[in-house]
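Undergrad: Structure of the sequence below:
(chains A, B and C)
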Amino acid sequence: MRIVAADTGGAVLDDAFQPLGLIATVAVLVEKPYKTASEVMVRFADPYNYDLSGRQAIRDEMELAIELAKKVKPDVIHLDSTLGGIEVRKLDEPTIDALGISDRGKEVWKDLSKDLQPLAKKFWEETGIEVVAIGKSSVPIRIAEIYSGIYSAVWAFKEAQEKGHVIVGLPRYMEVKVEGSKLVGRSLDPREYGLFGVVEFEVPEGLKWEVYPNPLVRRFLIFEVTSKH
Amino acid sequence: MRIVAADTGGAVLDDAFQPLGLIATVAVLVEKPYKTASEVMVRFADPYNYDLSGRQAIRDEMELAIELAKKVKPDVIHLDSTLGGIEVRKLDEPTIDALGISDRGKEVWKDLSKDLQPLAKKFWEETGIEVVAIGKSSVPIRIAEIYSGIYSAVWAFKEAQEKGHVIVGLPRYMEVKVEGSKLVGRSLDPREYGLFGVVEFEVPEGLKWEVYPNPLVRRFLIFEVTSKH
Amino acid sequence: MRIVAADTGGAVLDDAFQPLGLIATVAVLVEKPYKTASEVMVRFADPYNYDLSGRQAIRDEMELAIELAKKVKPDVIHLDSTLGGIEVRKLDEPTIDALGISDRGKEVWKDLSKDLQPLAKKFWEETGIEVVAIGKSSVPIRIAEIYSGIYSAVWAFKEAQEKGHVIVGLPRYMEVKVEGSKLVGRSLDPREYGLFGVVEFEVPEGLKWEVYPNPLVRRFLIFEVTSKH
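TA: Model (predicted):
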């Protein structure tokens, strides 16, 4: 099975570790044995001017996933919304009302589906490829999340060169390590059986970095970069 | 404490990774230090003709657990139904209605208890051994689950000899490895502190196998066997 | 950020592994990189005469946390009650009614807040330090929990010298090891990224000990000490 999935992650934190906005949306192509990506596309957001309601993230993910899917022609697209795997092209108002989700979630999806349902329908008509709202159950979405963490570290290195200091909250239970001219992100959950991602990146001179637990949010790590100058 | 427990697991999957039916029911005797089984009994189901509602599984588990208990005389039997540890011999209609479970769960148990309650009562009267519905909290049930995964791999090797190719979904976060003339199953959750099982088995010539994440169900692995011929 | 947190843990178990009472309340000071404590205070309870409703634990934790905070002047105090991080000095009846918790939880907090709210208010007025009910999301609370497990092992060694045999249930997914003249407690969840604690302790002669899974409560270990005499 060849699956395209997208996710958004990595958050700029203030000095009290409160999130200001998200950093990177990533779309990935994942193929057997489903441990990492064979194609990756990234789009950086402006974390200082970000809609934290979750609507911006899912719109960005849908757009980027379709952009990658046009190129690689997968069997299916996974979207990070946990609606039991329903096809997004079928998300009209009565269908949303029948979902076993919160009233708040229904409102958000009624709003989102105005754009996303026609987009999914059009893409399916043209290509036969479904966009399914599978969410947290999907391994490719987790791999996209791991890549969003790696690209958030890339962003942090560049930002710290400019601003001198930046604190990033990584996606859930993953770490990022510098290994030569690569950034490697790995799931810390052994039950996920070794999910990882690799991005080529040369860390600029004059920076130091630390990875440590976010004291306010168990199982999430912080990636902090400081300029030595 | 000497505990008998039973569980059913391992699923035959189709090429879209959808489950067709379950493979193996296993009863185990677990004794201190509670990391593996000291006695094991297995009963294979017909996964191509399986009632996936969960009723077949629990009936098979009850029967097999009692069969093993007759032989090894444990202190208690653990059944894989999460009803807070209630004694199955006490599950009459008013008691089931008072349980803090879903209406759907109550219907299933009213149906099941017609057979299982008298069986548990009779066994308790004859032996003094209780059957308790403890479910996911029980370590012996997890050990039975791990053995069901190992026996599903045994089944997969035999099935692949006949059919050329078979895809099995293992129980949650466990792996199966071939180590010499043994199949070893291990929990992937380090919080479970090293739960495992071992089954003697000589892999037939001419087969190859792979273990990888199920892309549609995070934290579950797939065990795939293919004939080289 | 310098955080004081407190937690209570370690339970004496009877021979059927049922908890009789809790053993140790610990307050810790946790500082960057948030993996262990830089200051620790412990208060032992009488586990054979213990209020298991949870009220005794939280009162002990509040008192001990404030005692440590007076000494080390942290930025904030974390209390092990999962109320979304609300300030305890603000917990009056209307605020408790508005919390998204169970009716039972509201009753408990209405009772508790009679003592704890004035205590938190007074401490905040004198020092500017908030006590927040952050609960399971807090890493310092987890570190306090790990220390409560280590001190429960300390207690078990002493108790076994007197009584010959004692069974302790450790806090969730952690182990305690004797390493030279130290007791080391470590989280078994790799997603927590290496949280640990160390206590100086010389194990008395003539004792043997075992650590193994609690068969009735998955992901919890038992620490059992027996006198050789």
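
Undergrad: any idea where the strands of chain A begin and end?
TA: Using DSSP state E, the strands of chain A run over residues A:3-13, A:19-30, A:39-44, A:76-79, A:86-87, A:130-133, A:165-169, A:174-179, A:182-187, A:196-200, A:207-213, A:221-227.

Undergrad: could you redo these as a markdown table and give each row distance to B:Ser53?
TA: C-beta coordinates here come from the backbone N, C-alpha and C atoms, glycine included. A markdown table is the format used below for the strands of chain A (distance: least, Cβ to Cβ, whole Å):
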| stretch | distance to B:Ser53 |
| --- | --- |
| strand A:3-13 | 29 |
| strand A:19-30 | 32 |
| strand A:39-44 | 40 |
| strand A:76-79 | 27 |
| strand A:86-87 | 22 |
| strand A:130-133 | 25 |
| strand A:165-169 | 42 |
| strand A:174-179 | 37 |
| strand A:182-187 | 33 |
| strand A:196-200 | 38 |
| strand A:207-213 | 43 |
| strand A:221-227 | 42 |
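
Undergrad: which parts of chain A sit against chain B?
TA: A:1, A:3, A:30, A:32-35, A:134, A:136-140, A:142, A:189-193, A:195 (Cβ under 8 Å from any Cβ of the partner chain).

Undergrad: Which residues does the nearest residue to A:Leu83 once chain neighbours are set aside form beta bridges with?
TA: Among residues not flanking A:Leu83 along the chain, A:Ala133 sits closest, at 3.8 Å (Cβ to Cβ, 6 or more residues apart in numbering or on different chains). A:Ala133 has these beta-bridge partners by DSSP bridges: A:Leu79, A:Ile86.

Undergrad: I'd say A:Ala133 and A:Ile86 touch.
TA: Yes. Here A:Ala133 lies in contact with A:Ile86, judged by Cβ atoms under 8 Å, at a distance of 5.4 Å.

Undergrad: How many residues are close by A:Ser53?
TA: 10 (other Cβ atoms under 10 Å in any protein chain shown).

Undergrad: Next: A:Ser138.
TA: 27.

Undergrad: What are the neighbouring residues in contact with it?
TA: A:Ile3, A:Ala5, A:His78, A:Asp80, B:Pro215, B:Leu216, B:Arg218 (Cβ atoms under 8 Å, 6 or more residues apart in numbering or on different chains).

Undergrad: Quick one: neighbours of the first one, just the number.
TA: Read that as A:Ile3. A:Ile3 has 25 neighbours, counted by other Cβ under 10 Å.

Undergrad: Report the beta-bridge partners for it.
TA: Taking DSSP bridges as the rule, A:Ile3 bridges to A:Val30, A:Val76.

Undergrad: can you list the domains in chain A?
TA: Following the assignment in automatic domain parsing, chain A carries domains at A:3-137, A:142-227.

Undergrad: For the ones you listed, could you give me CSV that also reports mean pLDDT and distance to B:Leu112?
TA: CSV is the format used below for the domains of chain A (pLDDT from 0 to 100; distance: least, Cβ to Cβ, whole Å):
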stretch, mean pLDDT, distance to B:Leu112
domain A:3-137, 95, 25
domain A:142-227, 98, 30
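
Undergrad: Give me whichever of those domains is most buried.
TA: Mean neighbour count, computed with mean count of other Cβ atoms under 10 Å in any protein chain shown, is highest for domain A:142-227 among the domains of chain A, reaching a mean of 20.

Undergrad: Now do the end-to-end distance for it.
TA: Length of domain A:142-227, first residue to last, Cα to Cα, to the nearest Å: 31 Å.

Undergrad: just checking, A:Thr25 touches A:Arg59?
TA: No. Counting by Cβ under 8 Å, A:Thr25 stays clear of A:Arg59, with 9.4 Å between them.
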